[in-house]
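>>> from the sequence below, what's the structure:
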Amino acid sequence: MKRRDNTLTKGEYQIMTILWDINRAACGKDILERCEEPKPTYTTIATYLKILYEKGFVDYFKKEGEGKTQWYQAKVTRPEYTRQTMQNVKKNFFDGSIKSMFSYFVKEEKLTQEDIMELLESLEDEE
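Numbering: from 1, shown residues only. Model (predicted):
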């Protein structure tokens, strides 16, 4: 039975980042090879993949003739996860107000008037 938890722990996020970067199905060995030092154990990778499957972030399959090897593929894209996470931040920390959220980042990051103008111009460029 799949858990419905829409947040990733640091370790889970690292595995998802590898899958997103690979951009195709990968086995545990492929993922382990791309982990940064100090590398986790293979069983740790397998545990993360199981949890990610239970949470609905990945799916897996077996290729004919490849024995027990399971191949994992991201079911959630990086932009989808980013959008969902930012929506949760806005809802949980800023009462759903984008204005409050933006104001917070302007103050915390000490954005100058010039920085804000550049941001607004970049938004106009996207339209």
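
>>> distance of T43 relative to T85?
28 Å (C-beta to C-beta, to the nearest Å). Placement of C-beta: from N, CA and C, glycine included.

>>> could you do E108 as well?
Taken as C-beta to C-beta, the span from E108 to T85 is 18 Å.

>>> more neighbours: those two, which one.
Applying other C-beta atoms under 10 Å to E108 and T85 shows that T85 carries more neighbours, namely 14 against 8.

>>> tell me the secondary structure at the closest residue in space to that one that isn't next to it in sequence.
Nearest residue to T85, sequence neighbours excluded (C-beta to C-beta, 6 or more residues apart in numbering): T7, at 7.4 Å. Secondary structure assignment for T7 (DSSP: H, G, I helix; E, B strand; the rest coil): coil.

>>> helices or strands up against the helix or strand where M101 lies?
Using DSSP states H and E, M101 sits within helix 98-108. Identification of packing neighbours for helix 98-108 by 3 or more C-beta pairs under 8 Å, 6 or more residues apart in numbering; DSSP states H and E yields helix 78-94.

>>> what's the angle between the helix holding M101 and helix 78-94?
90 degrees (axes from the mean of the first three to the mean of the last three C-alpha atoms, to 10 degrees).

>>> okay, buried residues for helix 98-108 please.
Residues of helix 98-108 classed as buried by neighbour count (16 or more other C-beta atoms under 10 Å): M101.

>>> that helix: what's the following helix or strand?
Sequence-wise, the next helix or strand downstream of helix 98-108 (DSSP H and E) is helix 113-126.
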